[in-house]
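K.L.:
please work out how this folds:
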Amino acid sequence: MREPLKAHTGPAVALRRDDVDTDQIIPAEFCKRLTKSGYADTLFGHWRKEDDFVLNQPEHQGASVLVAGHNFGTGSSREHAVWALRDWGFRAVIATSFGDIFLRNALKNGLLAVALPVPVVAELTELVASDPAFEITVDLQELTVTAAGQTWEFEADHRARWLLLNGLDDIDVTLRKSDAIAAYEAGRPAWMTSITRGTYSSPDAAKLRRAS
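P.N.:
As a prediction, this is how the structure comes out:
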């Protein structure tokens, strides 16, 4: 299980770019690692070579809410893009829209992606840009974003919201049913294919071994 995400308040940083695709979030050369963590140093890997890139600025170190533009996370389906954002320390990304696959990956990996209307995102961008310490609250229980004394509502997929609120992923949900799964497997006919840890057996397996 991971830490439940019910509500988060943190300093924000604004990325004034539209159509940011997953290859820009994490360039392909950094997707060869064999783990699901440790990608903070790869986030926006090419852009961070520019001295004036916003995440290189000392006043934005520690930001945990990213305010992006239009169509954030478009492009390839690489899950590494979400891992890199999460490992940097972002708990939420606010944009006017998201790439469909990125949105699903984010919600499954504990990163809250919030879509708000264009005027709202534009206002938040200006507020964040004018004050590096500006904080935004994203409340998944109430489905609201609050900042500068204003509150806006957003929508979230029902199942994804339930998983985030409870700190679960799909594997956790499956493991909750382990007793029922074990009972079902115990009652399966002996002639059916079975898989146990480190082994595979089927009715034809013995025939194949004898034939070889």
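K.L.:
for the rest of this, base every contact and every neighbour count on C-alpha atoms.
P.N.:
Noted.
K.L.:
elements contacting the lengthiest strand in the chain?
P.N.:
The longest strand of the chain (DSSP state E) is strand 7-14. Applying 3 or more CA pairs under 8 Å, 6 or more residues apart in numbering; DSSP states H and E, we find strand 7-14 packed against strand 65-67, helix 118-130, strand 135-139.
K.L.:
deepest of those, which one?
P.N.:
Stretch with highest mean neighbour count among the helices and strands packed on strand 7-14: strand 65-67 (a mean of 24; mean count of other CA atoms under 10 Å).
K.L.:
partners of that strand, with directions?
P.N.:
For strand 65-67, the paired strands and their directions (DSSP bridges) read strand 7-14 (parallel), strand 92-95 (parallel).
K.L.:
make TSV from the ones you listed and add mean pLDDT and mean neighbour count to it.
P.N.:
Below are the strands paired with strand 65-67 laid out as TSV (pLDDT from 0 to 100; neighbours: other CA atoms under 10 Å):
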stretch	mean pLDDT	mean neighbour count
strand 7-14	97	22
strand 92-95	98	25
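K.L.:
got TSV for those, with distance to Lys36 too?
P.N.:
Output for the strands paired with strand 65-67, formatted as TSV (distance: least, CA to CA, whole Å):
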stretch	distance to Lys36
strand 7-14	23
strand 92-95	18
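K.L.:
tell me which of the ones you listed sits nearest to Asp52.
P.N.:
strand 7-14 (13.4 Å; CA to CA).
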